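S.K.: with the input below, show me the fold.
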Amino acid sequence: MKCYFFSVALLLGLVFDLHAQHQEDPPVPIVTLQLPVGMPSEAVQIKYHLVGPFGGLGQFVKPEENRTAYVIFRPEGKASTTNIKIIAYLPGCEVVTMDLAVGSEPLQRPIPCKPLPWVALHGQVLPLSITQDQPVQVEVSYLALWGNPFFGIMDGFIQTFRLGSVRPGKEGKFELKIPDFYKQSALGDGELGFILRNPTTGNIVAMLEPEELSPRSPWLKIQSVYPSLLRLMPWRCRNNGPESCTPQAGRTGTEPPSQSMTAASLTELKNPRKPRAVNP
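M.R.: The predicted model follows:
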């Protein structure tokens with residue numbers, strides 16, 4: 001009997017010891033990204049993709065205040081990571097991309113800030129009732145369509161970066177300064193996405209699209225010069241008539257809806273398949 005209790009105690013001791021060791025293992029950093037001096041860290045948006053024998057894993061860095069650097073750690077079970085690709089957006093700076101080989105030693109890299117000019121975007125949300133029935137703001141995002149090819153992803157969520165938000169005036173008009181991404185056209189195709197959101201509840205009121213664009217393109221392509229007045233309407237308004245332009249009820253979310261659209265669904269939206277012939 002004594003031998004039995006001794007064996008049980010020994011086994012429990014080993015279990016607790018292993019559990020304690022597991023809890024004490026510190027996370028292993030892959031790379032430390034140093035921010036430019038004076039850059040508000042909460043405004044920095046970083047997305048990255050890890051590659052190894054396990055395949056690929058996409059993640060993002062959670063923005064925080066009062067930081068001079070962000071550290072990307074090796075996820076549990078991903079010790080065999082061999083490569084990390086990074087896309088970083090810093091307000092007022094060109095979009096930065098990195099392609100780094102991962103070894104046993106942690107890396108340190110500065111995120112450079114090459115100034116990128118701002119351009120003014122003048123817009124109007126229609127119909128006017130949609131901006132007057134409740135408090136709303138226009139949220140503008142940059143859709144980096146080149147992001148997934150850069151990461152080596154065949155199909156996945158479009159890499160999206162929030163640029164800012166503004167409350168429309170009484171006539172539904174607004175002005176917002178955005179980066180001149182046209183000067184970085186070498187990165188690849190990019191577009192601007194627009195959301196109408198209730199700033200009090202966070203609810204999405206409508207997903208907006210330019211009035212004069214083709215029904216196959218719900219977003220605004222990055223351009224060297226933008227319209228003097230960009231008219232935006234809910235997605236369903238142009239095709240379904242004014243009566244369909246009522247606010248969407250009960251829709252919530254912290255990420256732009258554009259992120260829920262994959263590259264494949266975007267291609268399908270812009271180039272819909274022809275209907276198959278049905279035998280009588």
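S.K.: which residues touch the closest residue to Gln45 other than its chain neighbours?
M.R.: Residue nearest to Gln45 in three dimensions, not counting chain neighbours: Tyr89, with 4.5 Å by Cβ to Cβ, 6 or more residues apart in numbering. The C-beta positions use only the backbone N, C-alpha and C, and glycine is treated the same way. Each residue near Tyr89 by Cβ atoms under 8 Å, 6 or more residues apart in numbering is listed here: Val44, Gln45, Ile46, Val95, Val96, Tyr142, Phe161.
S.K.: so which of those residues is the closest to Lys221?
M.R.: Tyr142 (11.8 Å; Cβ to Cβ).
S.K.: tell me which element that closest one falls in.
M.R.: Here Tyr142 sits within strand 137-144, counting by DSSP states H and E.
S.K.: helices or strands next to that strand in the packing?
M.R.: Helices and strands touching strand 137-144, by 3 or more Cβ pairs under 8 Å, 6 or more residues apart in numbering; DSSP states H and E, are strand 118-125, strand 159-166, strand 173-179, strand 190-197.
S.K.: in JSON lines, list the ones you listed along with distance to Ser104 and mean pLDDT.
M.R.: As requested, the helices and strands packed on strand 137-144 are exported to JSON lines (distance: least, Cβ to Cβ, whole Å; pLDDT from 0 to 100):
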{"stretch": "strand 118-125", "distance to Ser104": "42", "mean pLDDT": "97"}
{"stretch": "strand 159-166", "distance to Ser104": "29", "mean pLDDT": "97"}
{"stretch": "strand 173-179", "distance to Ser104": "37", "mean pLDDT": "97"}
{"stretch": "strand 190-197", "distance to Ser104": "36", "mean pLDDT": "96"}
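S.K.: which among these is found nearest to Trp146?
M.R.: Closest to Trp146 of these, according to Cβ to Cβ: strand 190-197, at 6.9 Å.
S.K.: how distant is that closest one from the center of its chain?
M.R.: 12 Å (Cα atoms, centre = their mean, to the nearest Å).
S.K.: save the contacts of Tyr89 as a markdown table, and put in distance to Leu232 and secondary structure too.
M.R.: Shown next, in a markdown table, are these (distance: Cβ to Cβ, whole Å; DSSP: H, G, I helix; E, B strand; the rest coil):
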| residue | distance to Leu232 | secondary structure |
| --- | --- | --- |
| Val44 | 28 | coil |
| Gln45 | 23 | strand |
| Ile46 | 29 | strand |
| Val95 | 24 | coil |
| Val96 | 30 | strand |
| Tyr142 | 16 | strand |
| Phe161 | 19 | strand |
